[in-house]
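Enquirer: when you get a sec, could you give me coordinates for this:
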Amino acid sequence: MAKVSHLLLLFSISLYLATTAKSASSARGYDTSFIKSSCSSTTYPAVCVKTLSAYASAIQQSPRQLAQTALSVTLSKCKSTKTFVSKMTKMKGLKSREYAAVKDCLEEMGDSVDRLSKSIQELKHIGQAKGQDFLWHMSNVETWASAALTDENTCLDGFSSKALDGKVKASIKAQVVNVAQVTSNALALVNSYASKH
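Expert: Predicted coordinates:
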């Protein structure tokens, strides 16, 4: 069990350091006021600014690029979390209920990755779509991003029992809660972009 604790601690520290270093180094010299103003309407504005400021030079003042980047960052975080959960299924000493919850969570995270990938592809293909065509594509993007958020919350629901309290639950919950917050923000930015057309 000590080996598991060390593994979880190292993963969490490396993820934090990578995110912080990237945000600090990439955001230097670029105006992040558009990102800050756009993120103010999300549920988790501080998380939004932290995750997107590193991409200020690519986003500039584009609501579409902001939505695209938010979905891409979310997909990347979701894939990392899926990998983390997958490694947890191989841990020795898991109780049968823990193992079942972890396996269910892995399936939900896989579904979330698929749905976010579809959202990104749909948004990329909108191009110069107008009117009803634009609305149809945006509806697909919003539906898939919303379904991804539902998948992440379903993963968390699988650990709601007090019997599952412990390091496995805490570790997975910390990862999935972060992904759910980033997904929620991405969905809000997608909805904002859609409302401007």
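Enquirer: what segments of the protein are strands?
Expert: Shown for the chain, no strands are assigned by DSSP state E.
Enquirer: where in it is pLDDT low?
Expert: 1-29 (pLDDT under 70).
Enquirer: where along it do the helices fall?
Expert: Taking DSSP state H as the test, the helices found in the chain are 2-27, 33-39, 45-52, 56-59, 63-88, 96-124, 131-157, 167-195.
Enquirer: mind putting those in TSV, mean neighbour count included?
Expert: The C-beta positions use only the backbone N, C-alpha and C, and glycine is treated the same way. Formatted as TSV, the helices of the chain follow (neighbours: other C-beta atoms under 10 Å):
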stretch	mean neighbour count
helix 2-27	13
helix 33-39	18
helix 45-52	20
helix 56-59	18
helix 63-88	21
helix 96-124	20
helix 131-157	18
helix 167-195	21
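Enquirer: list the contacts for residue 183?
Expert: 74, 78, 112, 116, 145, 148-149, 152 (C-beta atoms under 8 Å, 6 or more residues apart in numbering).
Enquirer: just these now: which is nearest residue 43?
Expert: residue 149 (10.6 Å; C-beta to C-beta).
Enquirer: which residue packs closest to that closest one, ignoring adjacent ones?
Expert: residue 183 (4.7 Å; C-beta to C-beta, 6 or more residues apart in numbering).
Enquirer: try residue 63
Expert: Per C-beta to C-beta, 6+ apart, closest to residue 63 is residue 193, 4.5 Å.
Enquirer: residues in contact with that neighbour?
Expert: With C-beta under 8 Å, 6+ apart, residue 193 has these contacts: 63-64, 66-67, 138.
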